[in-house]
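Enquirer: build me a model:
(one chain, ligands or ions: 1)
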Amino acid sequence: MEPVVEVENLNLIIEGRHILKNVSFKINRGEIFTILGGSGSGKTTITKCIVGLLKPTSGSIKVFGKDLTQINPLELNGLRKEIGYVFQGAALFDSLKVWENVVFYYLEHSNMKEEELKEIALTYLKMVGLGEHTLELYPSELSGGMKKRVGIARAIATQPKLVIYDEPTSGLDPITSRLIDNLIKELRDKTSSTALVVSHDMVSAFTISDRIMILREGEVVLIGTPQEVLESQDPFVREFLRSGLGELQAINRG
Ligand SMILES: Nc1ncnc2c1ncn2[C@@H]1O[C@H](COP(=O)(O)OP(=O)(O)OP(=O)(O)O)[C@@H](O)[C@H]1O
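Expert: All right, here's what the predicted structure looks like:
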């Protein structure tokens, strides 16, 4: 089966800085694929390349079989519709109510009536575990975990085939983080979509991922199943795992 994302020898140089170095990986249909790496290792930059916001200096990126370096802006827009992006920090519009945030795409691109749009918003809010009472709230009235859920509802409201989650658990307490982890898995199963997760949350990565890619200063160190990562003898991977050992032991005990 054709991979959903296929990145080959991706290099990105910005202002003389080599940010991504020969990055290659594939994400298969239905997978939860996590990019794990320290701050500034290039995780978010990879996702920006995948949605066509950054142009590679060299290398190729195919999404749903289409080569991003070869397509025109119209095709790129079409492709973006198939991708849901959950931003770091949720990035909700503060002046819009929850329901308007969730159906933002439809507000911009359709003539549907308010009642219909609220109905759609409610469907997706329910999918992320939020109820009808949240429809009329403003983002400032939500907790951090609820904001993330609304951000996820907005990302899946266009029924994307690929959902990119940028640091979905950052800034959340451990219990809420695990709820978001479960939600990511549940949504992948319910909607038969593919998920690309960017994280430095070790517990999250080892709990939800089918495969993990470890990135260090713009270079791929290892790609493998959680088990393969745990068994790796690569010194950087060992050190990286050691730094999150307490968290990992907690998963094993759980
Ligand atoms: N548009 C840009 N111009 C210049 N440098 C950039 C640009 N975008 C990213 N960088 C640099 O690229 C490197 C990787 O950044 P990126 O945001 O991808 O890291 P990250 O792994 O997602 O980090 P974090 O976990 O802190 O979000 C950083 O050193 C950053 O300063």
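Enquirer: could I get the pLDDT score of the closest residue to the ligand within the stretch 51-200 of the chain?
Expert: Here the residue of the stretch 51-200 of the chain nearest the ligand is residue 200; by C-beta to the nearest ligand atom that distance is 5.6 Å. No exception for glycine: its C-beta is placed from N, CA and C like everyone else's. Residue 200 is assigned a predicted lDDT (pLDDT) of 82.
Enquirer: count the neighbours of it for me.
Expert: Residue 200 has 18 neighbours, counted by other C-beta atoms under 10 Å.
Enquirer: residue 240 versus that one, what's the distance?
Expert: Distance of residue 200 to residue 240, given as C-beta to C-beta, to the nearest Å: 10 Å.
Enquirer: and for these two, which residues touch both?
Expert: Residues within reach of residue 200 and of residue 240 at once, by C-beta atoms under 8 Å, 6 or more residues apart in numbering, are 36, 38.
Enquirer: where exactly do the strands run in the chain?
Expert: Here the chain has its strands, by DSSP state E, at 5-14, 17-27, 32-37, 58-63, 66-67, 83-86, 162-166, 194-199, 211-216, 219-224.
Enquirer: now render those strands as CSV, adding distance to residue 115.
Expert: Converted to CSV, the strands of the chain look like this (distance: least, C-beta to C-beta, whole Å):
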stretch, distance to residue 115
strand 5-14, 37
strand 17-27, 38
strand 32-37, 35
strand 58-63, 35
strand 66-67, 36
strand 83-86, 24
strand 162-166, 27
strand 194-199, 32
strand 211-216, 43
strand 219-224, 47
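Enquirer: would you turn those into CSV with mean neighbour count?
Expert: Shown next, in CSV, are the strands of the chain (neighbours: other C-beta atoms under 10 Å):
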stretch, mean neighbour count
strand 5-14, 18
strand 17-27, 18
strand 32-37, 25
strand 58-63, 18
strand 66-67, 13
strand 83-86, 24
strand 162-166, 24
strand 194-199, 25
strand 211-216, 22
strand 219-224, 18
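Enquirer: what parts of the stretch 151-254 of the chain come near the ligand?
Expert: When proximity is defined by C-beta under 6 Å from any ligand atom, the stretch 151-254 of the chain lies next to the ligand at residue 200.
Enquirer: break down the stretch 151-254 of the chain into its helices, ranges please.
Expert: Under the criterion DSSP state H, counting those that start in this stretch, helices of the stretch 151-254 of the chain are mapped to 174-191, 202-208, 226-231, 235-243, 245-253.
Enquirer: is it possible to get a markdown table of those helices that adds mean neighbour count?
Expert: Formatted as a markdown table, the helices of the stretch 151-254 of the chain follow (neighbours: other C-beta under 10 Å):
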| stretch | mean neighbour count |
| --- | --- |
| helix 174-191 | 16 |
| helix 202-208 | 23 |
| helix 226-231 | 15 |
| helix 235-243 | 14 |
| helix 245-253 | 12 |
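Enquirer: those into TSV, with extra columns for distance to residue 97?
Expert: TSV is the format used below for the helices of the stretch 151-254 of the chain (distance: least, C-beta to C-beta, whole Å):
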stretch	distance to residue 97
helix 174-191	22
helix 202-208	29
helix 226-231	39
helix 235-243	41
helix 245-253	36
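Enquirer: least confident of the ones you listed, on average?
Expert: Of all the helices of the stretch 151-254 of the chain, the minimum mean pLDDT falls on helix 245-253 (a mean of 57).
Enquirer: that older thread, to residue 143, which of the strands of the chain lies closest?
Expert: strand 83-86 (16.6 Å; C-beta to C-beta).
Enquirer: quick one: the closest one to chain centroid distance?
Expert: In terms of C-alpha atoms, centre = their mean, to the nearest Å, the centre of strand 83-86 is found 7 Å from the chain centre.
Enquirer: quick one, phi psi at the residue of the stretch 51-200 of the chain closest to the ligand?
Expert: Dihedral pair for residue 200: phi -120, psi 20, per degrees, to the nearest 10.
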